[in-house]
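[1] Sequence and computational prediction follow.
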Amino acid sequence: MRDGLRNTAHKILSMKQTSKTQTILVTGGAGFIGSHFARLAARRGMRVIVLDKLTYAGNPENLEDIRRGRKTAGLLEFYRGDICNAEMVEHVFAREGIDFVVNFAAETHVDRSLLGAGSFIDTDVRGVHVLLEACLRHKTARFIQVSTDEVYGSVAEGSSKESDTLSPRNPYSAAKTGGELLARSYWTSHGLPVIVTRGSNTYGPNQYPEKLLPLFATNAIDGQPLPLYGDGLQVRDWLHATDHCSAIFFLMEKGEPGEAYNVPGGNERTNLEMTRVILDELGRPESLIRRVEDRPGHDRRYSIDGSKLRALGWRPAVLWEQGVRKTVRWYAENGSWWRPLRSGEFLEYYKRQYGKRLGI
């Protein structure tokens, strides 16, 4: 029975590819990774429908180059809305004729999940359910649930494989785990062609300045201290946004429904190493590093095995240090993008998170 469902899913995908221009719904498409993916999809000739709630991390400016592009103008349609709003989601599906869905819409910052988990549960679990139900009704050819390597929890030795037990250790990763398990259950229970991707720490231009690289880069540009948790030896595998998006696009075509795929960058580095490259690229002194009290339950190391994806033929293209330095230069050259963001809500959050740690 399951093989029959899998064959049907591939048949549906093939029909979609040959009958008309493909239409893809990119939820959270005004955010960091979502906007990079929307850009890639439009450049490949797809109609791109973006549904984004425009929370603090969503920025319509991230989509302007698609609107203005010589080859992409006219391919983008934007809806402001919440994936938890079933009526809104149904309206978009019914009006636009969605072929594929890639779900980037999520609350994603661990520090914020420690301050309050409710919105994470809403978006990362209940919102996934709303999208899955819409995909069932409209017989969507693919549903890609974008998850994270953090669902495995801290990995002391070796690298996590897709078959390993999931062991999230904070509200953010727990909510993402719930969302992806729900998504995969719709393949088993309903034959909905779902694929889950578990990407590693993603960096690149247009990332809201609360995550490590953009926070430290923008702080360093302004000569402000860089609040490095603990000893700074926490290890993360770093993946450039363009590589992350190319892997998701690749799996839309090559991935097996019902499967999960790790998407590593193959660049395991400590937070301290990342910090030093940022400072070096900006010509700033290491005296800006301020070691602060670590956050509760801070996972020591993430590491994922990418052999399953490599076996299909995908490899990351961006070298780590070159990618980091180029990204830091982007922030140095695009203050008009990030400076307006470092006010209001951002300053309130920054004070809550780092005020006592930095003595401000």
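    It's in.
[2] Poorly predicted segments of this protein, please.
    Scanning the chain for pLDDT under 70 picks out 1-19.
[3] Now do the strands in it.
    23-27, 47-52, 76-80, 100-103, 142-148, 194-199, 201-203, 226-229, 235-240, 260-263, 268-270, 289-292 (DSSP state E).
[4] Put together CSV for these, with distance to residue 160 and mean neighbour count on each row.
    All C-beta spots, glycine's among them, are computed from the backbone N, C-alpha and C. Supplementary listing: the strands of the chain in CSV, determined by distance: least, C-beta to C-beta, whole Å; neighbours: other C-beta atoms under 10 Å:
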stretch, distance to residue 160, mean neighbour count
strand 23-27, 26, 26
strand 47-52, 30, 26
strand 76-80, 35, 17
strand 100-103, 22, 26
strand 142-148, 11, 26
strand 194-199, 8, 25
strand 201-203, 14, 25
strand 226-229, 22, 20
strand 235-240, 10, 24
strand 260-263, 7, 26
strand 268-270, 12, 18
strand 289-292, 28, 17
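[5] Residue 311: which of those strands is closest?
    strand 260-263 (10.2 Å; C-beta to C-beta).
[6] distance between that closest one and the chain's centre?
    Averaging C-alpha positions (C-alpha atoms, centre = their mean, to the nearest Å) puts strand 260-263 13 Å from its chain's average.
[7] Could you list every helix and strand that that strand packs against?
    On a contact count with 3 or more C-beta pairs under 8 Å, 6 or more residues apart in numbering; DSSP states H and E, strand 260-263 meets strand 194-199, helix 241-254, helix 307-310.
[8] List the contacts of the nearest residue to residue 147 once chain neighbours are set aside.
    Nearest-residue entry for residue 147: residue 180, 4.3 Å, with adjacent residues in sequence omitted and distances by C-beta to C-beta, 6 or more residues apart in numbering. By C-beta atoms under 8 Å, 6 or more residues apart in numbering, the contact set of residue 180 is 128, 145, 147, 151, 196, 198, 260.
[9] Residue 174: what's it in contact with?
    By C-beta under 8 Å, 6+ apart, the contact set of residue 174 is residue 168.
[10] If you could redo that for residue 21, that was the one I meant.
    Residue 21 sits in contact with 45, 46, 47, where contact means C-beta under 8 Å, 6+ apart.
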